[in-house]
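1. I need the structure of the sequence given here:
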Amino acid sequence: MLVIHPKDKTTDMLTVLYEGLEHIRIAQDCGSNRLNHILYHTPKAGRIMLLGHGSGEGLYFRQNDETEDFNRVIVGHPQAYHLRRHGGNLVGIWCHAVDFARAEGLHGLFSGMFISEMSEAADYGIVTTKEDMDQTNGILFARLRRLLDDGTPLHEIPARMKTLNDEKSQLAMFNYESFYGL
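-> Predicted coordinates:
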């Protein structure tokens, strides 16, 4: 499995999705040409996970996770051709990943807006604490990992995630509803 998950302390909770599995992780910017080469040589049957922060433009990378600014898009339109070759075996978890997937004709499991930082919670009127956010998201991603490990088809995961939400807080309701199968 190929995992593109730029190092960022605010998305460390996503490591639960691939810990203990055989994978190659790209955690630093390796340049567009090198990344295209890696994607091209990733077996078509292999799953690709794209995890971190981003927008409808793609997955972001930042040199220093102590700052709010991102340096560039690490996975964007130039990589879409290679991602499409993997059919529906993509998992994209970042803010508005589903918008990127729809624009680029990608298939798999993608997130919409996902709240992982206090500033995002404030922007969306979600009342929570950092501790509650970390706990809620930790449980959510552990449940997602279980579904992935059990071989649940990616297109079934959004509905299954909604049924797994037993917390019912504003944050949990928002984040558990933020998965899309394309």
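2. could you dump the lowest-mean-pLDDT helix or strand in the chain to PDB, C-alpha only?
-> The helix or strand of the chain with the poorest confidence is strand 72-75; it has a mean of 87 (mean pLDDT, DSSP states H and E). Only the C-alpha atoms of strand 72-75 are listed here, as PDB (Å, rounded to 0.1, in the frame of the first residue of the first chain):
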ATOM      1  CA  ARG A  72       2.200  23.800  -1.800                       C
ATOM      2  CA  VAL A  73      -0.200  21.100  -3.100                       C
ATOM      3  CA  ILE A  74       1.700  17.800  -3.000                       C
ATOM      4  CA  VAL A  75      -1.000  15.700  -4.700                       C
END
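3. quick one: buried residues of that strand?
-> By 16 or more other Cβ atoms under 10 Å, the buried positions in strand 72-75 come out as 73, 74, 75. Backbone N, C-alpha and C define where each C-beta goes, glycine included.
4. ignoring the adjacent residues along the chain, who's closest to the last one?
-> This points to residue 75. residue 59 (4.1 Å; Cβ to Cβ, 6 or more residues apart in numbering).
5. next one: residue 136 from residue 13, what distance?
-> 10 Å (Cβ to Cβ, to the nearest Å).
6. what's the answer for residue 92, then?
-> 16 Å.
7. which residues touch the longest helix along the chain?
-> Ordering each helix of the chain by length in residues (DSSP state H) puts helix 130-149 first. Defining contact as Cβ atoms under 8 Å, 6 or more residues apart in numbering, one finds that helix 130-149 is touched by 13-14, 16-17, 91, 115-116, 118, 121, 128, 157, 160-161, 164, 167, 169, 171-172, 175-176, 179.
8. show only the entries of those found in strands.
-> 91, 179 (DSSP state E).
9. how about the helices in the chain?
-> Using DSSP H, helices in the chain cover 32-40, 77-84, 97-104, 118-123, 130-149, 157-164, 170-176.
10. quick one: which of those is nearest residue 110?
-> Proximity to residue 110, assessed across the helices of the chain by Cβ to Cβ, is greatest for helix 97-104 (4.2 Å).
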